[in-house]
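Asks: Compute the structure for the input listed below.
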Amino acid sequence: MCSRIILRRMIQYNILSRKYNSTLSNDNFVRIFEVGPRDGLQNEKIQVPTSIKIEFINRLSQTGLKYIEVTSFVSPKWVPQMSDHVEVLAGIDRTPGICYSALTPNVQGINKVVSLGKKGVDEVAIFSAASETFSKKNINCSIET
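Replies: Residues are numbered from 1 along each chain as shown. As a prediction, this is how the structure comes out:
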């Protein structure tokens, strides 16, 4: 399964060791993620300039949000709008107290996240699917491999 490989890689690189993933004692909470910079822009027909994406994220950072999903580490062939993920991450003004995250559907994405180190993201959202058809159409990966 793609998700198993990704989870193994995340454990290998210590990505899952954040204390909020393992030691929260109160289960009565909700975390709301702003996903506009990633989900809201990924299907735009006209390429949104990197500078506009950076300004969008910086303005969102001034609104009091705590979690912002800023980009995704996907193939530029399939989602050209996200091909500037490294530049976007390098260009944003990181506000203390805000968790900046990115979506990745596969091991290649995890490898890119890991290679960026502290210049990357605070959290990784993993895309997974239970249906073979959905997985093939959305992340071009079998649920068996």
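
Asks: Could you measure from the nearest residue to residue 109 once chain neighbours are set aside over to residue 124?
Replies: Sequence neighbours aside, residue 73 is the residue nearest to residue 109 in space, at 3.4 Å (criterion: C-beta to C-beta, 6 or more residues apart in numbering). For every residue, glycine as well, the C-beta is placed using N, CA and C. Per C-beta to C-beta, to the nearest Å, residue 73 is found 8 Å from residue 124.

Asks: So if I had to pick from these two, which one is more boxed in?
Replies: residue 73 (24 against 20; other C-beta atoms under 10 Å).

Asks: quick one: contacts for the more buried one?
Replies: Residues in contact with residue 73 (C-beta atoms under 8 Å, 6 or more residues apart in numbering) are 82, 85, 102, 103, 104, 108, 109, 110, 112, 113.

Asks: The fourth one: neighbouring residues, count only.
Replies: The reference is to residue 103. For residue 103, the neighbour count with other C-beta under 10 Å is 23.
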